[in-house]
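Undergrad: everything below, folded, please.
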Amino acid sequence: MLCNLCKLKAVIILIMTKYLNTTHNQFWSWLTSEISERMAQNLPFIKIDPKKILLLGHFDQRTFSYFSEKYPQADIWSDQKSFQQKNFLNSINPFKKKTISFLDFENELDLANFDFVWAGPLQQSVENYPQFFLKVGKCLNNQGLMMFNYLGPDTGKEYFHLGLEGGHIGPDMHEIGDLLIQSSFADPVMNMEYLNLEYENSELLLRDLLSIHAADSHLANVQNLNQQLAQMKKDHQKMALTMEVVYGHAWKVPKKEPGVTRISPESIKKTYKN
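TA: Numbers count the residues shown, from 1 in each chain. Next up is the predicted model:
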């Protein structure tokens, strides 16, 4: 009996190790590509002519091609550091003269000034968002733009009663808007949408759910989830997974000095002329 229990624990640990909080599984790759494509649809409405762009996190050929075509004169950088990733990104490059440069996001930002930072989907724990925004702010030029996205708190809401926890799930978008203002960003714009996924296979749903949510360390939560999905399949119930996707963008502004008001020469000339 003890041996069987050990085997059960080993199987569940194997499942969680393979799928839990992993950015390399098939579902997460599809999801991040889909979200990036949706976020890119907002770019035509934003006036910006960046000379230096930093792509943070997952992106694929479509994302790189989009930036290469829309901003042909811009230098494109990435935080993807492994040799295999470098080979992959350079191999998908359809432009002979356009290459990708690489940096260590944790240690090299003081050496790089960017006009545009594209980040997403963010995989920060809630308490790390302020630090992340401050770090991005350090690498952005004044009036530089940051666009980002993350999975909102309603993601996987159908299964909250089973005790599933955070994982890649971020805070409420209003909280993020406040953090942006506190981190020297201006005019934050936040919006969200729901992606509703339906499944015919309970095993696939379990895999995808575990890939975005961190299950509680108590073994029973994963077991209860597996049992419920299996029962839903037997009862021919609809198996659904809600994804809340939050999009945001904000502009880097100069840090205000107490008691100092800055007036542009253009505004002085205009006032004098009038």
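Undergrad: so where do the strands sit in this protein?
TA: Along the chain, counting by DSSP state E, strands occupy 52-56, 75-78, 100-102, 114-119, 140-151, 185-199, 239-252.
Undergrad: can you redo these as CSV with distance to L229, mean neighbour count and mean pLDDT?
TA: Bear in mind the C-beta positions are built from the backbone N, C-alpha and C, glycine included. Output for the strands of the chain, formatted as CSV (distance: least, CB to CB, whole Å; neighbours: other CB atoms under 10 Å; pLDDT from 0 to 100):
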stretch, distance to L229, mean neighbour count, mean pLDDT
strand 52-56, 34, 22, 91
strand 75-78, 37, 20, 88
strand 100-102, 41, 15, 80
strand 114-119, 33, 24, 94
strand 140-151, 20, 21, 93
strand 185-199, 9, 14, 93
strand 239-252, 7, 21, 92
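Undergrad: out of those strands, which is closest to L205?
TA: Comparing these by their distance to L205 (CB to CB), the top pick is strand 185-199, with 4.2 Å.
Undergrad: list the strands paired with the closest one, with their directions.
TA: strand 239-252 (antiparallel) (DSSP bridges).
Undergrad: so where do the helices sit in the stretch 1-150 of the chain?
TA: For the stretch 1-150 of the chain, the helices defined by DSSP state H, counting those that start in this stretch occupy 2-19, 26-40, 61-70, 83-91, 129-139.
Undergrad: by mean pLDDT, show me the worst of those helices.
TA: Here the helices of the stretch 1-150 of the chain differ in mean pLDDT, and the lowest is helix 2-19 at a mean of 37.
Undergrad: coming back round to it: could the strands of the chain be laid out in CSV, adding distance to Q41?
TA: Conversion of the strands of the chain to CSV gives the following (distance: least, CB to CB, whole Å):
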stretch, distance to Q41
strand 52-56, 17
strand 75-78, 20
strand 100-102, 23
strand 114-119, 13
strand 140-151, 11
strand 185-199, 11
strand 239-252, 10
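Undergrad: out of those, which gets nearest to P130?
TA: Among the strands of the chain, if distance is taken as CB to CB, the winner is strand 185-199, at 11.4 Å.
Undergrad: which residues sit against that closest one?
TA: 34, 38, 133, 137, 146, 152, 154, 173-174, 176-177, 180-181, 205, 208, 238-253 (CB atoms under 8 Å, 6 or more residues apart in numbering).
Undergrad: quick revisit: quick one: closest of the strands of the chain to W28.
TA: Of these, nearest to W28 by CB to CB is strand 140-151, at 10.5 Å.
Undergrad: same for that closest one, what does it pack against?
TA: For strand 140-151, the packing partners by 3 or more CB pairs under 8 Å, 6 or more residues apart in numbering; DSSP states H and E come out as helix 26-40, strand 114-119, strand 239-252.
Undergrad: could the ones you listed go into TSV alongside distance to P50?
TA: Shown next, in TSV, are the helices and strands packed on strand 140-151 (distance: least, CB to CB, whole Å):
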stretch	distance to P50
helix 26-40	14
strand 114-119	4
strand 239-252	12
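Undergrad: between the ones you listed, which one is closest to Q231.
TA: strand 239-252 (10.7 Å).
Undergrad: quick one: work out the angle between the closest one and helix 129-139.
TA: With axes from the mean of the first three to the mean of the last three CA atoms, to 10 degrees applied, the angle from strand 239-252 to helix 129-139 works out at 40 degrees.
Undergrad: could you check the angle strand 239-252 makes with strand 140-151?
TA: 170 degrees.
Undergrad: and strand 239-252 with strand 114-119, angle?
TA: Using the same axes, to 10 degrees: strand 239-252 against strand 114-119 is 170 degrees.
Undergrad: just the buried positions in stretch 148-161, please.
TA: Of the residues in stretch 148-161, 148-156, 158-159 count as buried by neighbour count, 16 or more other CB atoms under 10 Å.
Undergrad: before we move on, what about stretch 31-43?
TA: The neighbour-count criterion (16+ other CB under 10 Å) identifies 31-33, 35-36, 39-40, 43 as the buried residues of stretch 31-43.
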